[in-house]
Structure formats: C-alpha cells, structure tokens
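Enquirer: Give me coordinates for this.
(2 chains)
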2 protein chains.
Amino acid sequence: MDNLEYQEGRTELNALGQFALIRRLTEGFETHHKSTVKAAGDDCAVIADENSTAGRSWLQCVQTMAEGVDFDMMYTPLKHLGYKAVAIALSNIAAMNGTPRQIEVSLAVSNRYSLEALEELYAGIRLCCDRYDVDLVGGSIGSSRSGMVVTVSAVGVVDASMITYRSGAKLHDLICVSGDLGSAYSGLLVLEREKVTYQANPDFQPDLDSYDYVLERYLKPEPRLDIVKSLAEKDVVPTSMIDVGDGLASELLQLCRNSHCGCEVYEEHIPIDYQTSRVCSEMSKNMLPISNALNGGGDYELLFTIDQKDYEKVKGMEGVHIIGHITEEGAPAVMVTPQNTTITLVAQGFRNN
Amino acid sequence: MDNLEYQEGRTELNALGQFALIRRLTEGFETHHKSTVKAAGDDCAVIADENSTAGRSWLQCVQTMAEGVDFDMMYTPLKHLGYKAVAIALSNIAAMNGTPRQIEVSLAVSNRYSLEALEELYAGIRLCCDRYDVDLVGGSIGSSRSGMVVTVSAVGVVDASMITYRSGAKLHDLICVSGDLGSAYSGLLVLEREKVTYQANPDFQPDLDSYDYVLERYLKPEPRLDIVKSLAEKDVVPTSMIDVGDGLASELLQLCRNSHCGCEVYEEHIPIDYQTSRVCSEMSKNMLPISNALNGGGDYELLFTIDQKDYEKVKGMEGVHIIGHITEEGAPAVMVTPQNTTITLVAQGFRNN
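Expert: Below you'll find the predicted structure:
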C-alpha cells in the first residue's frame, strides 16, 4: 500500500548493527545546551544542572521492548515482563555508575490485551520499582495494531566525578565482570525448546524445575545496582563501564572502540554457571558454554575496567570477576583459551559494530 | 498461541478511557523520593533538584506513536512523522509552562523500513530539534515484528514558581486557548478521503493544494512554545494548563476534574479556521466545525486558565482567545451556543474520563 518496500537504492537495516545505525542516523546532530554533557553513544545521556551546588548530574535513558522480538507471550508471564522492562532501564543507569530515581512507562497495546493482563504487567513494574526504590512518575498508554511495545524511560543521579563512560578505559586497566554470563541465553534456549515441543503436542507439560536459575536469569534479570553500591563503598570508580545486554564479545568491542584500546580476556576467568553448562550439553555436543557467554546476551551484568591501583580493593569483592586487561590502541580484542590459543573477538547480532 | 484472548472475567481496555486506565494501573504505586514533585497524572512528571540554587525543576515526559493507530504510512511522509513525534513531546513540556532542552528517541521498526527511510525520519526529528533548540541526547533502535513504533522522551526545565498543573484552575478564572481548533482533524479527514479514492483507483492523483493549512496542522503540528514565551514576557503565570492533544471537550473535562471545578465556554469564541469549516461542509452537511473543535484532537494548542487580574495582559495577545470561565465545584462543564442553549460537554475517544 505504501512504497516502503520498493525503494530504489534501498539499504537494509540489518546491513548495519544497531550502534552503526544510530551513529549514521544521528551524525550531523549538534548539541547546544550547556546542560547536555553527554549525548548519544553511551548507556545513558548525561545532563548537568548548572545551578546544582552538589556537582550532581542527571542520567537519562530510554529502552523499548517489542513483542515477538524481545519477548514471546507464549512463555513470558506479564508480571515478569513488567519487571524485566524496568530492570533493563535501571541497568543502563547502573552502567553509568548512577542511582535510579524515577521511571516512566509508555505502552502501545493491541486489544488482545485485557485490563487484567495490564494489571499483571504493572504488578511486575511495581515489584521492580519497590525493590530498587524507584518512583513511577508517569507515562502513556496507546493502542497498537498488533502486539505490545513497552518503553521505559529512566532518570537517575550520579556525582559528576563518578560518572563512568564507555570511553575511559586506559592501557593496563583490569577488566572485570559481575555475576555470570550466558545463563540468560541458556534460559531462552530452554524456553524455546519447550515451546517447540508444546506446539507439536499441546498435552505436553513442560518440566522446568531443574532450570530455575537460567529461566529466572532470562525472564527476570536484575540490574546490578548492588555492584555500583559495593564499588562506592570501597571508593572505587571504574575507569569505564557498560552493561552486558548483548553478549560479552560485543560489549568488550564497544568498550575498546570507545576507549581507543584493545583488550585481552582469559577464557578460564569468564564466569559461567553450572546450569548454563548443563543446558549447553543437553542442547548439542557442539554448543559450548563460552559461546553463550560471548554471544548470548540478556545477562545485564556490568562489564567495567579499573585502574591497577584498585586491584586489592576489587579482587575479593563478592560477585566480581577479573577476566583480563586493556591493551594498547590498535591491538585487537582477543580471548586467550586455556590452551593458550588467542581468538579474536567478533560481535554477533544486531547490536554490534 | 497464548491465552490472552480467552481469559475469564476479562475487561476490555476500551471499556475504560486512557486516563481511567492509567489511574487504575498506577493506583497503589507510592513515591518515595523527595525529588519526585509530581508523578503520574499531568502532562509531565516534575522532578526537583534538592541541590539546585535556582529553584528550578525538571520536566519529564514520554510519548509513543504507533503505525496504523497514530499514523498511516500511506499518507504520512517520514520526515513529517519524525517532526511530529518530537513536536508532540515538546507540547507536553509547553503544557507545564516549561522550556524543552533534551530529547531521546526510541524506535521499534520492522525490516519493511530501509536505512534511507529512517534517515528521512531523522531529518524530521532534526528539523524539529533545530527549530526548538532541543538536543537529541540518545535513544535506541530495535526491531519490531510489524510496523513502526516511535517513542520520544523529553526533558525540560521550568522555574518551580512557574509550573502550571492541570489542577490549579480557580473559580472565575478565564479560560484561554491558543491558535485554532479542529483543523488537524479536518486535515486527517481530507487525507482519509483521498486514501479511499486512491484505493479505488490507483491512477487517481489527489489535489491537495487547497487544503494546505489543515494538512500541515495534522501532519506537522507545532508545540506552542511561543505562547509559553509570550506569557512569560507579560509576566503571566496561568493558573492551570494542558495541551489539546485530544479534543477541546476532553481537555476541558480534564482541567475541571483535576481542578475540582466546572466551566462555561462560549461557542462563538472558540477559534475555528475557515479551511476547517470548508472541509466540514464538503464532507457532509451534518458535519459541524464545532464538533471537530470539541472532539477532533491533534491540534496541540494550549488550553489554560488565568486569574481575572491578568485579563488586560492577555486579551490582546496574538494567537490567544478567551473562550469562557471557570465555575464552581460540582457545576458541569458546558458550552453555551449563540442561541443561548447550554450543552453539557462529553469526552469522546480513548483519552477520556
């Protein structure tokens, strides 16, 4: 009906990754306000209040989840979806070393959803707000032709001296990651497997008990604001930080690209949960847990770099793993295997370089 | 595939209006932060900086537009769509008597859209940013299963003493509206008529020249930040304000509901453009221009109330019309016709009481 499909000289969106696409679309945009400290290109925008006596900055981010792409209603409880949509937005605030304060939720929903369904969604939103002491301060609800699109915009605060950008990593800095990686993607693999089985036989009752950890990691991730707090308590300001929404490989490449450096991480130090390994071996003998960690995504852990002087403070920190170090500009981003083989990291998926 | 449609005791979303739906979903949410001055229930959230020396507050809003509901790609140029999505968000800032500073854009797009199409969209976003001196500071782009959903979140500033809520109208205050009403909806009617004709005969070439004003009103509305500025120059702080995204009737009812008052407006004072009247008479002899003004929506003018002491300052203001006054609590919201008949106003559409 419209002519969108038939354009001449058409460039498909998936020819570019998300980051390249955003860069391309926003090049030529200039910022004019003194209060705009950091525009596009990091986990959040940074907005300064020139009248603030406290040297405090505001963090601002917005994140959209679309049905059929970012979540499948067949196996996503609406309460979990509400929780997750908020958690992902708060994770962006955490990645700037900030504390979230307020969120707004904007929904586009089809008439397939009832009031009771949206109440479930909001119960999850509320649970996450309560857990992380965040105020819901507004939003909007409109119709969509099909499915649901949930957008959460979050506001946070951070002392200007403690903001962590993607661009601050320096030569010899240590690379750290929180929690474990690849578990959220393993949870998704289990859910997708059960969905296929159910579609073949609707009498099938999935037995998901033994996958509780990876399922929770996928369906209900937590923003690592506890790590932000622990770092502050130990007086450590990371030199750079990003959240692991995508796989570790893609996020490492982002840090390196923004910080103009290379990196070396050690496979044996990359934290992987036992359940992640078990799911991989069930799925296929060719599926390696380290692949899920590098390329899976959805873990929302924090990836950050610290100055070597902070090594003693960080090394015993609960839930923090030192996985490598930053190398010089021009060096590649690589992973060293236990057999001492060096593998160059490649970003996979839409959100890549 | 999922069980959303088959719930027992299901309440359809359109059984409630947007405002009632939001109230229902967010009841029970409490706010905890001192910085949260105003949560849900107005055009923007108001966030105070307790460290600000200037008594300045931040305004925050988020607005979603969905393809097939809020825009039709058959007759919406992508550049206009980008402009409009930003303009609507800025209109929310204007409705709080604020000045917009930053926006973020979050997109969910299907692969029907090409890079070139998104470049058009961003050209419109940029045009509106440049025109209103607003910085684009971030956002995200993700996939959608079908169509496009555009969310714009906007940040603005306002002196705390000058914030205008929906709740401040007082007995005998004068009711004012900017610009003219019903023209955007008339533009939509023309576009829908041409679409039907085109679908019946694809060789048909629509002649839209004589509808330039109403088409522009629908496709490329402007946030009335000029009115905010004029009011400040004349040292007038409205007692209440809302933007006319929906029809005048619905917005008047919102003001009255929030301010605990009634209102009386005079049909002959409601500003209607000549082209709006012409479109109505072309469409049907039963279509009255005043109906488009009351129920049409999409004009994004400002509806506000002023204290009677400010009458002299406002009466000659360009583009501002005094259309009535506030009546006591418990009184209805009514329109008085030139024949002195009193009509009780009823909100139509999704965004009602």
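Enquirer: what bits of the stretch 51-200 of chain A have low per-residue confidence?
Expert: A:51-54 (pLDDT under 70).
Enquirer: where along it do the strands fall?
Expert: Using DSSP state E, counting those that start in this stretch, the strands found in the stretch 51-200 of chain A span residues A:56-66, A:99-109, A:135-143, A:148-159, A:174-178.
Enquirer: List the buried residues of the longest one.
Expert: I take that to be strand A:148-159. Of the residues in strand A:148-159, A:148-158 count as buried by neighbour count, 16 or more other C-beta atoms under 10 Å in any protein chain shown. All C-beta atoms are positioned from the backbone trio N, CA, C, and that covers glycine.
Enquirer: repeat for the last one
Expert: Neighbour counts over strand A:174-178 (16+ other C-beta under 10 Å) mark A:174-178 as buried.
Enquirer: which residue packs closest to A:M283, ignoring adjacent ones?
Expert: Using C-beta to C-beta, 6 or more residues apart in numbering or on different chains and skipping residues adjacent in sequence, the residue nearest A:M283 is A:L189, 5.9 Å away.
Enquirer: Could you check how many residues crowd around that neighbour?
Expert: 22 (other C-beta atoms under 10 Å in any protein chain shown).
Enquirer: from what I can see it touches A:T276, true?
Expert: No - judged on C-beta atoms under 8 Å, A:L189 makes no contact with A:T276 at a distance of 9.8 Å.
Enquirer: quick check, stretch A:117-130 touching chain B?
Expert: Yes - judged by C-beta under 8 Å from any C-beta of the partner chain, stretch A:117-130 and chain B are in contact via A:117-119, A:122, A:126, A:129.
Enquirer: Using TSV, please lay out these together with neighbour count.
Expert: Shown next, in TSV, are the residues of stretch A:117-130 next to chain B (neighbours: other C-beta atoms under 10 Å in any protein chain shown):
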residue	neighbour count
A:A117	21
A:L118	23
A:E119	15
A:Y122	24
A:R126	20
A:C129	25
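Enquirer: Pull the most distant pair out of the residues you listed.
Expert: The largest separation in those, counting by C-beta to C-beta, is between A:A117 and A:C129 at 19.1 Å.
Enquirer: where does the stretch 201-350 of chain A dip in pLDDT?
Expert: Applying pLDDT under 70 to the stretch 201-350 of chain A flags residues A:348-350.
Enquirer: can you pull out the helices in it?
Expert: Assigned by DSSP state H, counting those that start in this stretch, the stretch 201-350 of chain A shows helices spanning A:212-219, A:225-233, A:248-259, A:274-283, A:289-295, A:311-315.
Enquirer: what comes up buried for the longest one?
Expert: This means helix A:248-259. Result for helix A:248-259 [16+ other C-beta under 10 Å]: buried residues A:248-256, A:258-259.
Enquirer: Please tell me how far it is from the chain's geometric centre.
Expert: Offset of helix A:248-259 from its chain centre (C-alpha atoms, centre = their mean, to the nearest Å): 13 Å.
Enquirer: With the second one instead?
Expert: Taking the mean C-alpha point of helix A:225-233 and that of its whole chain, the gap between them comes to 18 Å (C-alpha atoms, centre = their mean).
Enquirer: Next: the fourth one.
Expert: The gap between the average C-alpha position of helix A:274-283 and the chain average comes to 22 Å, counting by C-alpha atoms, centre = their mean.
Enquirer: show me what contacts the nearest residue to A:N292 once chain neighbours are set aside?
Expert: Once flanking residues are discounted, A:N292 sits nearest to A:G182: 3.3 Å by C-beta to C-beta, 6+ apart. Taking C-beta atoms under 8 Å, 6 or more residues apart in numbering or on different chains, we find A:G182 in contact with A:272-273, A:276, A:289-294, A:296, A:299.
Enquirer: of all those residues, which comes closest to B:L59?
Expert: For those, the closest approach to B:L59 (C-beta to C-beta) belongs to A:D299, at 34.2 Å.
Enquirer: Show me which residues of the stretch 151-300 of chain A sit near chain B.
Expert: Close to chain B, as judged by C-beta under 8 Å from any C-beta, the stretch 151-300 of chain A has residues A:151, A:153, A:155, A:157, A:199.
Enquirer: Please identify which pair of those residues lies farthest apart.
Expert: Across those (C-beta to C-beta), the longest gap, 46.5 Å, separates A:V157 and A:Q199.
Enquirer: closest to A:P332 out of the helices of the stretch 201-350 of chain A?
Expert: For these, the distance to A:P332 is smallest for helix A:248-259, at 8.5 Å, taking C-beta to C-beta.
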